[in-house]
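In: structure for the following, please:
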Amino acid sequence: MSRVYTLSDAHLWHELVSGLRGFRTAQEHVDALEDALRSTLTKRDTMWWLGDMTAGGKIPQMLDWIAALPWKNHVVLGNHCPPHPMHGGQARQRDYLRAFESVQTIAQRRIGGHKVLMSHFPVVGDHKERPELDMWRPRPFNGILLHGHTHSAEKVSEVNGNFGALLQIHVGIDAWGMTPVSDAQILELIESS
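Out: The predicted structure is shown next:
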């Protein structure tokens, strides 16, 4: 049986983020993530990456690494992803398509009968010192959002307004201890909220 997992903000080969996560080197950080992924996913499974797999000049290295993983990979682009329209890099999508089955800025899927929107960015609740990112975040809606970007340990937040109630589930590595988040874990959070 195939399973689906989601993860955000891997920041592979990113020295600063690796250090903040307690690793001595960026390669040690990559190795720990690869061990976590390979001990969880099989070649029948699917992985959704919600942006920021790496940063800077490590894009080709990251794409080779992702392409070598035996399961299907999809990406929802984040602010550190060159193909994201905020960078005017749509031409770089071709590079990403050699490692990912699909490349988009937002996606939608069903988890246990629930319609779920996936974006790198939360609707609210992240570092707002970058207002230029506001145009890329989803607008408030009544439903469920899987997101990354915050680098927070908080897994769930709720937003209420005239649009209804929004359940935000953070699938970033910093909230899940370097492990991919299964649809079963997401469904449990949805049903307990």
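In: contacting residues for Ser152?
Out: Gly125, Asp126, His170, Gly172, Asp174, Ala175 (C-beta atoms under 8 Å, 6 or more residues apart in numbering). Bear in mind the C-beta positions are built from the backbone N, C-alpha and C, glycine included.
In: helix, strand, or coil at the first one?
Out: Three states are possible here, and by DSSP: H, G, I helix; E, B strand; the rest coil the one that applies to Gly125 is coil.
In: what segments of the chain are helices?
Out: Under the criterion DSSP state H, the chain contains helices at 15-20, 26-38, 59-67, 93-96, 173-176, 183-192.
In: out of the ones you listed, flag the one nearest Met1.
Out: Met1 sits nearest to helix 183-192 of all the helices of the chain, at 11.7 Å, using C-beta to C-beta.
In: buried stuff in the closest one?
Out: Asp183, Gln185, Ile186, Leu189, Ile190 (16 or more other C-beta atoms under 10 Å).
In: please apply the same query to stretch 144-153.
Out: By neighbour count on 16+ other C-beta under 10 Å, the buried set for stretch 144-153 is Ile144, Leu145, Leu146, His147, Gly148, His149, Thr150, His151, Ser152.
In: looking at those, which are in strands?
Out: Among the buried residues of stretch 144-153, the members found in strands (DSSP state E) are Ile144, Leu145, Leu146, His147.
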